[in-house]
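Novice: Show me the folded form of this:
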Amino acid sequence: MDKPKPKKSGRRKSRAVTIDEVAALAGVSPMTVSRVVNNHGKVRDSTRERVLEAVRELDYTPNLAASSLAAAQHTRIALIYTNPSGAYLRELLVGVLRVVSRTAIQLVVEYWDGFDAEAERKAARALAQKVDGVILPPPLCESKTAVAELVRAHVPVVAIASGHFSEEISCVRIDDFRAAKEIAEHLIGQGHTRIGFIKGRPDLSASTRRFEGFKAALRDAGLDFDAALVQPGDYTYRAGLKAAEKLLGQRRPPTAIIASNDDMAAAAISVAHRRGLEVPRDLSVSGFDDTSAATTVWPEVTTIHQPIASMANTAIDVLLRGIRRKDRSTRVLVDHVVPHRLIVRESVAPLPQRR
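Specialist: Okay, here's the model as predicted:
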């Protein structure tokens with residue numbers, strides 16, 4: 001008797017998805033897929049949406065261009081970090097290690113936590129002597145001292161997750177304003193009109209853009225902005241605890257909270273539970289980034305998916321192109337805006353009519 005054939009998995013695990021497979025699923029040419037993924041050239045909105053849907057369905061990560069792979073031989077790239085979110089850092093390292101494991105790139109990892117401007121200047125000057133390119137994730141992506149020193153040494157630099165395009169270095173980022181506006185609109189669409197907001201680090205433009213997107217959603221919905229419903233944060237769990245306590249301790253607390261990252265959203269859920277509130281029945285909570293912090297709490301967090309690992313992949317691609325250029329006296333800067341998406345989970349529910 002023949003044994004039944006095993007069922008095929010819906011997702012390929014043995015090899016990477018190719019651009020041709022994405023093109024076939026979307027019904028477009030590989031060139032069109034390349035234009036959408038790399039944000040180059042004009043593509044119709046309907047076509048762009050089809051391509052992005054195929055990218056999400058197949059979990060496609062763009063491979064480095066063949067020309068860039070050639071530049072990877074014996075190349076040393078530095079990743080400098082001081083990010084307070086361990087979940088964010090893990091996602092970033094996954095993306096970087098995924099690339100270096102299949103190329104000849106040598107990865108140099110440096111930890112610059114607690115450096116003042118002079119320490120950053122000295123560290124950047126020393127680093128420029130031993131690497132070919134540098135990746136700067138937040139918050140160092142907007143360190144004027146480090147950037148100035150590396151640019152002066154003609155070392156290609158790519159910032160990840162900066163809130164705006166820099167005139168000094170290349171950037172790989174999402175549209176933080178639009179993303180925050182979308183998640184605020186989602187809560188408003190669920191009937192919430194009294195929404196708390198926990199801000200990110202004040203020295204990062206991405207934090208500012210997320211706050212601006214939140215306010216724009218309120219304005220477009222005809223809702224008044226209430227400064228009492230806004231609390232500072234710095235992307236750490238501890239900051240989220242403090243901010244949520246202040247928001248939920250008010251005489252008229254918010255019915256929903258938007259935290260500027262998943263760590264602070266997880267903290268807000270913890271505070272709600274401690275106060276005897278049920279999420280999402282009594283309080284809806286949303287985060288930002290879609291890191292592991294969003295799915296290791298109960299209930300799992302509605303958030304904005306920022307493709308951090310894929311952004312790291314793209315950042316290395318941009319770096320290798322810059323390293324390959326023989327003329328370093330003139331800089332070619334790239335502003336690569338990658339698509340984000342709203343991930344709806346169990347932490348958000350419609351506002352009960354009794355409110």
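Novice: how close does residue 205 sit to residue 29?
Specialist: The gap separating residue 205 from residue 29 is 36 Å, by C-beta to C-beta, to the nearest Å. Backbone N, C-alpha and C define where each C-beta goes, glycine included.
Novice: I meant to write residue 85 there.
Specialist: Relative to residue 29, residue 85 is positioned 39 Å away (C-beta to C-beta).
Novice: any weak-confidence spans in the stretch 101-250 of the chain?
Specialist: Scanning the stretch 101-250 of the chain for pLDDT under 70 picks out nothing.
Novice: out of residue 85 and residue 29, which sits in the more crowded spot?
Specialist: residue 85 (21 against 12; other C-beta atoms under 10 Å).
Novice: residues in contact with that one?
Specialist: By C-beta atoms under 8 Å, 6 or more residues apart in numbering, the contact list for residue 85 reads 235, 236, 261, 262, 263, 289, 291, 293.
Novice: okay, how far is it across stretch 321-339, tip to tip?
Specialist: Start and end residues of stretch 321-339 are separated by 22 Å (C-alpha to C-alpha, to the nearest Å).
Novice: ugh, typo on my part, it should be stretch 192-206
Specialist: Note: stretch 192-206 ends 24 Å apart using C-alpha to C-alpha.
Novice: Is it correct that residue 264 falls within a helix?
Specialist: Yes: assessed with DSSP: H, G, I helix; E, B strand; the rest coil, residue 264 lies in a helix.
Novice: Check whether the closest residue to it other than its chain neighbours sits in a helix, strand or coil.
Specialist: Using C-beta to C-beta, 6 or more residues apart in numbering and skipping residues adjacent in sequence, the residue nearest residue 264 is residue 240, 3.1 Å away. Under three-state DSSP, residue 240 falls in the helix class.
Novice: Domain-wise, how is the chain divided?
Specialist: Following automatic domain parsing, one finds the domains of the chain at 19-58, 66-174+307-325+332-339, 176-305.
Novice: Show the secondary-structure elements that the helix or strand hosting residue 146 is packed against.
Specialist: Here residue 146, judged by DSSP states H and E, is contained in helix 144-152. Helix 144-152 makes packing contacts with helix 117-128, strand 133-136, strand 157-160 when contacts are defined by 3 or more C-beta pairs under 8 Å, 6 or more residues apart in numbering; DSSP states H and E.
Novice: Neighbouring strands - and their directions - for the last one?
Specialist: If I follow you right, that is strand 157-160. Sheet pairing here is set by DSSP bridges, and for strand 157-160 it gives strand 133-136 (parallel), strand 170-173 (parallel).
Novice: per-residue confidence averaged over stretch 30-37?
Specialist: Averaged across stretch 30-37, the pLDDT comes to 78.
Novice: ranking the strands paired with strand 157-160 by burial, who's on top?
Specialist: Of those, the one with the most neighbours on average (mean count of other C-beta atoms under 10 Å) is strand 133-136, at a mean of 26.
Novice: what about that one, distance to the chain center?
Specialist: For strand 133-136, the distance from its own C-alpha centre to the chain's C-alpha centre is 17 Å (C-alpha atoms, centre = their mean, to the nearest Å).
Novice: Let's have the strands paired with strand 157-160 in a markdown table, adding distance to residue 352.
Specialist: Putting these into a markdown table (distance: least, C-beta to C-beta, whole Å) gives the following:
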| stretch | distance to residue 352 |
| --- | --- |
| strand 133-136 | 45 |
| strand 170-173 | 37 |
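Novice: Nearest to residue 18, out of these?
Specialist: strand 170-173 (21.8 Å; C-beta to C-beta).
Novice: by contact count, what packs against the following helix or strand past the closest one?
Specialist: Using DSSP H and E, the next helix or strand after strand 170-173 towards the C-terminus is helix 176-189. In terms of contacts (3+ C-beta pairs under 8 Å, 6+ apart), helix 176-189 is packed against strand 195-198, helix 205-220, strand 256-259, strand 284-286, strand 303-305, strand 341-343.
Novice: Give me the pLDDT value at residue 323.
Specialist: 81.
Novice: In three-state terms, label the residue nearest to residue 82 when sequence neighbours are not counted for me.
Specialist: With C-beta to C-beta, 6+ apart as the criterion, residue 82 has its nearest non-adjacent residue at 4.4 Å, and that residue is residue 113. What three-state DSSP gives for residue 113 is coil.
Novice: Could you count how many residues lie near residue 113?
Specialist: Residue 113: 8 neighbours (other C-beta under 10 Å).
Novice: ok, so what distance separates it from residue 239?
Specialist: 16 Å.
Novice: what's the closest non-adjacent residue to residue 325?
Specialist: residue 332 (6.8 Å).
Novice: closest to residue 345 out of the domains of the chain?
Specialist: domain 176-305 (4.2 Å).
Novice: end to end, how far does that closest one reach?
Specialist: OK, domain 176-305 end separation, C-alpha to C-alpha: 11 Å.
Novice: Which phi and psi values does the residue nearest to the spatial centre of the chain adopt?
Specialist: With distances taken as C-alpha atoms, centre = their mean, residue 306 lies nearest the centre of the chain, 3.6 Å away. Main-chain dihedrals, residue 306, degrees, to the nearest 10: phi -100, psi 120.
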